[in-house]
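# please find the sequence and the predicted model below.
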Amino acid sequence: SAVISQKPSRDICQRGTSLTIQCQVDSQVTMMFWYRQQPGQSLTLIATANQGSEATYESGFVIDKFPISRPNLTFSTLTVSNMSPEDSSIYLCSARGGSSYEQYFGPGTRLTVT
Amino acid sequence: QKEVEQDPGPLSVPEGAIVSLNCTYSNSAFQYFMWYRQYSRKGPELLMYTYSSGNKEDGRFTAQVDKSSKYISLFIRDSQPSDSATYLCAIETSYDKVIFGPGTSLSVIP
């Protein structure tokens, strides 16, 4: 199994600013993902973080708004840029191990934009 | 039609009851099915995984897949207050993409 930690656990940010969320996995993993979860709703995949190359974004999400880095096999960051109240959500980091179905999640970052 | 649909609940049952949670999906090509449990203010954790029609048991939990009906279920026997959580069905559409249902909120009352 993989243990995933995220920083910060929560934050309250002003409109127009940016926040970078860090994700650390305790072991090397093949794939890392970033999800968004609105209160009471399911998870929406933002992008797949690719090690050493640009992230792969899902429809509706763009690099200028959600730049992602993955410098190595255990670490990734997601930046939420030029924030608006609509960006208030829980952002979850996820990682996949050796077997295709073993996907683990971090505890999430609870973001509120005022 | 959404790719994965799930009754959001909330569902409230007495301790010891059998719980049935259900999802439907739209694409008959989907082959890999999972159930995740998410406690409040925590990330989801994998409960069950199956890739074929039929039943799979793990302790008090049974996952059931009916590919002909595009219907998946999770049964919880002898439910406990510690089972109170949101349960998300998930389907792997390709190696690197998993889509989640909206989740069913379950409360088990002592």
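On my side now, so go ahead. As the structure is a prediction and not an experimental result, all values here were calculated from the model.
# if I pick residue 68, what's in contact with it?
Looking at chain A here, since you left the chain open. A:34, A:47, A:49, A:55, A:76-79 (C-beta atoms under 8 Å, 6 or more residues apart in numbering or on different chains). Where C-beta positions appear, they are placed from N, C-alpha and C, glycine not excepted.
# ah, I was thinking of chain B
Residue B:68 neighbours (C-beta under 8 Å, 6+ apart): residue B:53.
# so where does it fall, helix or strand?
Remark: residue B:68 resides in no helix or strand, with elements defined by DSSP states H and E.
# now swap in the one 5 residues further on and tell me
In this assignment (DSSP H and E), residue B:73 forms part of strand B:71-76.
# report whether that strand contacts chain A.
No. If you take C-beta under 8 Å from any C-beta of the partner chain as the test, strand B:71-76 misses chain A, and the best it gets is 14.2 Å.
# picking up where we left off before, from the contacts of residue A:68, keep the buried residues only.
A:34, A:47, A:49, A:55, A:76-78 (16 or more other C-beta atoms under 10 Å in any protein chain shown).
# filter the residues you listed down to the ones near chain B?
Counting by C-beta under 8 Å from any C-beta, no member of these reaches chain B.
# that older thread, hey, C-alpha coordinates of the strand holding residue B:73 in CSV?
Provided in CSV are the C-alpha atoms of strand B:71-76 (Å, rounded to 0.1, in the frame of the first residue of the first chain):
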residue,chain,number,x,y,z
TYR,B,71,-25.5,-3.0,-12.5
ILE,B,72,-23.1,-3.3,-9.6
SER,B,73,-24.0,-3.7,-5.9
LEU,B,74,-22.2,-3.8,-2.5
PHE,B,75,-23.8,-5.7,0.3
ILE,B,76,-22.8,-5.1,3.9
